[in-house]
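1. Give me coordinates for this.
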Amino acid sequence: MTITTRFRNRTVAGQLLALRLKNYSDRSDVLVLGLPRGGVPVAYEVAKALNAPLDICLVRKLGVPGHKELAMGAIGSNGVRVLNYDVVSWLGISSKTIDEVAARELRELQRRDRAYRGDRPLPSATNKIIILVDDGLATGATMRAAVAVTKQQQPQSIIVAIPVASRAACDELKAEVDKVVSVATPEPFYSIGLWYEDFSQTTDEEVRHLLEQSTRDYTAPLR
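-> Take a look at the predicted model:
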């Protein structure tokens with residue numbers, strides 16, 4: 001699908017995305033995981049519409065030193081790394097540099113885990129249909145790390161759901177998961193923020209609030 005207008009904000013994007021996932025509503029075997037921080041407001045709307053529990057999948061982009069917006073890979077909270085070998089090779093980035101960036105991002109993941117989760121127990125993904133949600137997909141490196149982290153928990157299946165994505169990133173992910181669901185795959189893509197009128201940064205407090213609100217919203221389904 002090609003769109004010519006932008007999403008008003010992450011809330012509206014999540015509501016539109018949920019319409020494409022309605023076959024997964026009111027099921028006891030579905031778990032929605034948002035990628036903090038920007039993916040959580042989108043995931044909250046998906047979980048609310050599907051009446052599914054919401055939690056987070058913590059991963060961090062490994063930015064190229066001096067060009068942090070350029071991803072040379074990503075890392076999960078359990079240390080799982082996914083590297084963009086094209087970028088690493090093109091820029092001649094050493095293993096030592098990758099290790100240093102990964103160690104710094106892992107410390108940030110641990111800080112965020114404490115900040116977001118507090119005493120909240122880790123949900124089990126085993127034998128569940130996992131819907132991984134972010135606010136968009138550019139290179140796909142962060143989402144591939146999230147997929148790698150999730151696969152270690154032996155889910156029944158993994159669905160990647162995003163409001164907007166580059167076609168190339170979608171095509172690459174289709175080989176790694178059971179389904180990729182998106183509202184739009186505009187060409188040319190350029191960047192995720194371009195497709196939102198309001199793409200302001202999501203705060204830690206918003207993430208905590210949405211996780212707590214989702215727990216109050218959720219009612220365990222009968223099936």
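2. C-alpha only now, for contacts and for neighbours.
-> Noted.
3. can you pull out the strands in the chain?
-> Secondary structure of the chain (DSSP state E): strands located at 30-34, 54-56, 59-64, 67-76, 81-83, 129-133, 157-164, 179-184.
4. Just the CA coordinates for the first one, please, in PDB.
-> Okay, so that is strand 30-34. Presented in PDB, the C-alpha positions along strand 30-34 are these (Å, rounded to 0.1, in the frame of the first residue of the first chain):
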ATOM      1  CA  VAL A  30      -1.400 -13.900  22.200                       C
ATOM      2  CA  LEU A  31       1.200 -11.600  23.800                       C
ATOM      3  CA  VAL A  32       2.000  -8.100  22.400                       C
ATOM      4  CA  LEU A  33       5.500  -6.800  22.900                       C
ATOM      5  CA  GLY A  34       6.400  -3.200  22.200                       C
END
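5. Run through the bridge partners of residue 137.
-> Residue 137 forms beta bridges with residue 165, as assigned by DSSP bridges.
6. Next, the contact list for it, please.
-> The neighbourhood of residue 137, defined by C-alpha atoms under 8 Å, 6 or more residues apart in numbering, consists of 143, 162, 164, 165, 166, 169, 170, 192.
7. pretty sure the third one is touching residue 136, no?
-> This means residue 164. Yes. With contact defined as C-alpha atoms under 8 Å, residue 164 reaches residue 136; the gap is 4.9 Å.
8. Overlap of the contact sets of the two?
-> In contact with both residue 164 and residue 136: residue 192, using C-alpha under 8 Å, 6+ apart.
9. just curious, which of the contacts of residue 137 is nearest to residue 154?
-> For those, the residue nearest residue 154 by C-alpha to C-alpha is residue 143; the value is 17.0 Å.
10. Just the pLDDT for residue 223.
-> Reported pLDDT at residue 223 in the predicted model: 60.
11. all helices for this protein, in order.
-> 10-19, 39-50, 85-91, 95-117, 141-151, 167-174, 204-217 (DSSP state H).
12. among those, which is the most enclosed?
-> Highest mean neighbour count among these (mean count of other C-alpha atoms under 10 Å): helix 39-50, with a mean of 27.
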